[in-house]
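[1] pasting the structure only:
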């Protein structure tokens, strides 16, 4: 009997944590103060710090991480696994401990787990859930005032990979840093998913040797400490403009989401589903093709005589990709930038983004940090108007199709206001 008391207390604590989390989530939603994606996890973890591993309960899990593309890849991968399994996932994008716990609570009856995880949280989450697979997308400079230097993140992710040798690792061989993370993994699937932004991977993260690029190939001038050459691995999965090729066969790939980066995201999601969970290739491809928006990104909101197309970007690599998606034939473009904690308060990255010629587009600089953006666009010689309020900026554009490119909190707040008005 004495030996059973601690176990009984642990079970009671978990039950209390789960019950309190459910109440907190329900109250948050009913009060309109939030979607409940965080509060339940915060409450549960405060009561029972071991709640994540208990909720995982040994279920097959896959984690998705990287600077850009986590939400999109996770949505596609979850859709692929749902063709065969019941899936718990954090499709609201809450990718730190509290959001992950909330997702596990909401999906406690699911057979499989698909989670996007913030890069800094991957080691701890992997230790708690012992995932069956890990998807490594890309590593580029992000919010320096929160995330820190990417080489430090690379080392942390490399440690997580080596701590879980049984994981299937699906890694982007076009990304130098993620290649380093996965290089020594016993079970790695290399995917040529592309790397549109290479400014943060000019040297080998292990030796500091200069990276030379020639076409799709890359290699480091300096060999690794054990004498090996650090070079782009040969991929077994490759995406092109026409489709994808893999050991499971070739397939066309007709996504509803725009951009070359999303084709790479889809290919890694499909590879993870096929290689890690034995989902048939055709089912995984069809599931990825069925995704038409991710938490409102790429969606269009109708407001009066304007169709407002929303694009999200959060760091230099993401901005460069999003800028390539802007429809130059639209009737107006609003660029909205905030500098809140969730965005990163340091906006020096604006000077790393190549703001291109927008043709005849009517361009508006907007957001809480619109003055910073205004100065950047002046130096880029982009004709524009400075209107801090994003909604007023949209209404100042000619009627018709309006492209909106915004960073995290600017996107979140504008989307909510447009939905309320529309």
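    The structure has been received and is ready for your questions. The model shown is predicted, which means the values in this text are computed figures rather than measured ones.
[2] and stretch 91-99, how far from the chain's centre?
    How far stretch 91-99 lies from its chain's middle: 11 Å, per Cα atoms, centre = their mean, to the nearest Å.
[3] same question, stretch 134-142
    On Cα atoms, centre = their mean, the centre of stretch 134-142 falls 8 Å from the chain's centre.
[4] go on, stretch 226-237?
    25 Å.
[5] that stretch: which residues count as buried?
    Of all the residues in stretch 226-237, those buried under the rule 16 or more other Cβ atoms under 10 Å are 230, 232, 235, 236, 237. C-betas here are computed from N, CA, C, even on glycine.
[6] ok, the residue nearest to the fourth one when sequence neighbours are not counted to residue 136 distance?
    Put plainly, it is residue 236. Distances taken as Cβ to Cβ, 6 or more residues apart in numbering place residue 247 nearest to residue 236, at 5.5 Å, with adjacent residues excluded. Distance of residue 247 to residue 136, computed by Cβ to Cβ, to the nearest Å: 19 Å.
[7] so for the two, which residue has more residues nearby?
    Between residue 247 and residue 136, counting by other Cβ atoms under 10 Å, residue 136 is the more crowded of the two (29 against 11).
[8] state the distance from that one to residue 185.
    Separation of residue 136 from residue 185 (Cβ to Cβ) stands at 9 Å.
[9] need the overlap of contacts for these two.
    Taking Cβ atoms under 8 Å, 6 or more residues apart in numbering as the criterion, residue 136 and residue 185 both touch 169, 171.
[10] among the buried residues of stretch 226-237, name the ones in helices.
    Using DSSP state H, no member of those sits in helices.
[11] and the closest residue to residue 337 other than its chain neighbours, what does it touch?
    Computed as Cβ to Cβ, 6+ apart, the closest residue to residue 337 that is not its neighbour in sequence is residue 367, at 4.2 Å. The neighbourhood of residue 367, defined by Cβ under 8 Å, 6+ apart, consists of 335, 336, 337, 338, 373, 388, 390, 406, 407, 410.
[12] pLDDT at residue 380, what is it?
    You'll see residue 380 listed with a pLDDT of 92.
[13] how many neighbours does the residue lying closest to it once chain neighbours are set aside have?
    Closest residue to residue 380 apart from its sequence neighbours, by Cβ to Cβ, 6+ apart: residue 355 at 4.2 Å. For residue 355, the neighbour count with other Cβ under 10 Å is 20.
[14] now swap in residue 172 and tell me
    30.
[15] how about residue 205?
    Residue 205: 23 surrounding residues under other Cβ under 10 Å.
[16] how close does it sit to residue 186?
    Residue 205 is 20 Å from residue 186, where distance means Cβ to Cβ.
[17] give the buried residues for the helix or strand containing residue 418.
    Counting by DSSP states H and E, the element that carries residue 418 is helix 408-421. By 16+ other Cβ under 10 Å, the buried positions in helix 408-421 come out as 408, 409, 410, 411, 412, 413, 414, 415, 418.
[18] please apply the same query to stretch 121-136.
    Under 16+ other Cβ under 10 Å, the buried positions of stretch 121-136 are 121-123, 125-126, 128-136.
[19] before we move on, back to that, look up phi and psi at the residue nearest to residue 337.
    Backbone torsions for residue 367, taken as degrees, to the nearest 10, come to phi 100, psi 170.
[20] which residues in the stretch 151-300 of the chain form strands?
    Along the stretch 151-300 of the chain, counting by DSSP state E, counting those that start in this stretch, strands occupy 168-172, 188-192, 211-214, 217-220, 237-239, 243-246, 249-252, 300-303.
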